[in-house]
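Asks: This is a predicted model, with the sequence first.
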Amino acid sequence: MSKNFIAILVIVLLSSCLGDPPASMNPTSYETIKPDKVMYWKMTTTWPPNFPVIGEVAEKYSEWVDELTNGQIKIKVYGGGELVPPLEAFDAVSQGTIEMGCGASYYWAGKTPAAQFFAAVPFGMNSQQLTSWLEIGGGYELWKKTYAQFNLVPFMGGNTGVQMGGWFNREINSVEDFKGLKMRLPGIGGKVLEKAGGAAVLVAGSEIYTSLERGVIDATEWIGPYHDYRMGFHKIAKYYYTPGWHEPGSQLEFFINKNLFDGLPKHLQAALEAASKRAQVWVLAEFDKQNGIYLDKLVNEEGVEVREFSKETLD
């Protein structure tokens, strides 16, 4: 698997980072918010309702914003599919149908390929490095500039840490074994899989189990042991591979309608950003805690066979 391919892909995608916004976009406009007005917002996520950690953090964000704004911004969280389909959250918030969303930016590669760089890059930055790049390395400014084209303001929404390599029903001993493999693998990792002869399929989290069970896909990655156990992948897939070369530190996000955000007083804008940084820390800490517990369960209670991709495969 050539890392030169990834480097070339990065250059090509970044060159298209700041194209013109779609002509069909007609976002809702908002008046400047009065300082004492109580606002009731809706947040739609790309995750199933009440989903552990990445769904929980949306609820926690709502609570933190309520505290930091002294009750001036109240956010009701909806799981993917409750208001709009999971992968339509971007458009719904962009157009002002819903005030804000929660997801991962590589889901929006079809809108702008550059979005993927704010989620995860294969063989790229880990969670600490990615957070540092966003916070003090200029990454967040690029992210805001990219999303501004779509009338959105992004915020950090947590980081999963390094992920696992995925669930397979056949052994992966070399790059050749990826040929013809249909795998749920979003973002740039999916492009690498396709270069190796596989087929990358974008499947919403709520649909992965049934897609794998019915043979719509041959393999899947999700996040890590905690979620993988809860999703039940060990019941329908034989091999559990590591490391997660495709997502060494996956960044999650909140995104808010830009017209709405720009009309807020500065102290409310600051509160929304402060709550997002708290979310960044909480998600990573919760995954660190839970993944070790559930990896032990998978191996010692469920008999899952954990295998490592060979050095030759990764190179």
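Replies: The structure has been received and is ready for your questions. Residues are numbered from 1 along each chain as shown.
Asks: hey, let's count contacts and neighbours off CA atoms from now on
Replies: Will do.
Asks: Which helix or strand contains the residue in the chain sticking out farthest from the centre?
Replies: In the chain, residue 36 marks the outermost C-alpha relative to the chain mean, sitting 33.9 Å out by Cα atoms, centre = their mean. Taking DSSP states H and E as the definition, one finds residue 36 inside no helix or strand.
Asks: For it, list the residues it contacts.
Replies: Residues touching residue 36, when contacts are defined by Cα atoms under 8 Å, 6 or more residues apart in numbering, comprise residue 72.
Asks: Quick check: mean pLDDT of the helix or strand that contains residue 131?
Replies: Using DSSP H and E, residue 131 falls within helix 127-136. Averaged over helix 127-136, pLDDT sits at 97.
Asks: what does it contact?
Replies: Residues outside helix 127-136 that contact it (Cα under 8 Å, 6+ apart) are 139-141, 159-162, 248-251.
Asks: could you redo the last one with a cut-off of 7 Å?
Replies: When contacts are defined by Cα atoms under 7 Å, 6 or more residues apart in numbering, helix 127-136 is touched by residues 139-140, 159, 161, 249-250.
Asks: circling back to that earlier point, quick check: the residue farthest from the centre of the chain vs residue 270, distance?
Replies: Distance of residue 36 to residue 270, computed by Cα to Cα, to the nearest Å: 16 Å.
Asks: likewise residue 295?
Replies: In this structure, residue 295 and residue 270 are separated by 38 Å, where distance is defined by Cα to Cα.
Asks: So which of the two has more stuff around it?
Replies: In this view residue 295 and residue 270 are compared by other Cα atoms under 10 Å, and residue 295 has more residues nearby, 19 against 14.
Asks: Now for the closest residue to the more buried one other than its chain neighbours: which residues touch it?
Replies: Setting aside the residues directly before and after it, residue 295 is nearest to residue 225 in space (Cα to Cα, 6 or more residues apart in numbering), at 5.1 Å. Listed by Cα under 7 Å, 6+ apart, the contact set of residue 225 reads 291, 294-295.
Asks: Go through those and flag which are in strands.
Replies: Secondary structure defined by DSSP state E assigns none of these to strands.
Asks: Neighbour count and secondary structure for the contacts of helix 127-136 - can I get that in TSV?
Replies: Formatted as TSV, the contacts of helix 127-136 follow (neighbours: other Cα atoms under 10 Å; DSSP: H, G, I helix; E, B strand; the rest coil):
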residue	neighbour count	secondary structure
139	17	helix
140	19	helix
159	28	strand
161	22	coil
249	27	coil
250	26	coil
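Asks: if we take these, which one ends up nearest to residue 92?
Replies: Each of the contacts of helix 127-136 was scored against residue 92 by Cα to Cα, and residue 140 proved nearest at 22.4 Å.
Asks: Spatially nearest residue to that closest one (excluding sequence neighbours)?
Replies: Going by Cα to Cα, 6+ apart, residue 140 has residue 134 as its nearest residue, at 4.5 Å.
Asks: Count residues in the vicinity of that neighbour, would you?
Replies: Counted with other Cα under 10 Å, the burial measure for residue 134 works out to 17 neighbours.
Asks: Okay, now the unreliable bits of the chain?
Replies: Across the chain, the ranges flagged by pLDDT under 70 are 1-35.
Asks: if I pick the residue positioned nearest the centre of it, what's in contact with it?
Replies: Centroid check for the chain by Cα atoms, centre = their mean gives residue 104 as the closest residue, at 2.4 Å. Contact analysis of residue 104 by Cα under 7 Å, 6+ apart lists 119, 251-253.
Asks: One more: residue 309?
Replies: Residues touching residue 309, when contacts are defined by Cα under 7 Å, 6+ apart, comprise 241-243.
Asks: which one's the longest helix in the protein?
Replies: Under DSSP state H, the helix in the chain containing the largest number of residues is helix 266-296.
Asks: relative to helix 127-136, how tilted is that helix?
Replies: If you take axes from the mean of the first three to the mean of the last three Cα atoms, to 10 degrees, helix 266-296 sits at 170 degrees to helix 127-136.
Asks: Tell me the buried residues in helix 266-296?
Replies: Of the residues in helix 266-296, those scored as buried under the neighbour-count criterion (16 or more other Cα atoms under 10 Å) are 268, 271-280, 282-284, 286-287, 291, 294-295.
Asks: The contacts of helix 127-136 into CSV, with extra columns for distance to residue 257?
Replies: Listed next are the contacts of helix 127-136 as CSV, based on distance: Cα to Cα, whole Å:
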residue, distance to residue 257
139, 20
140, 17
159, 22
161, 27
249, 26
250, 23
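Asks: what ranges do the strands span in this structure?
Replies: In order along the chain, the chain carries the following strands (DSSP E): 39-45, 73-78, 100-103, 152-159, 166-168, 182-184, 199-201, 219-220, 239-242, 251-257, 305-308.
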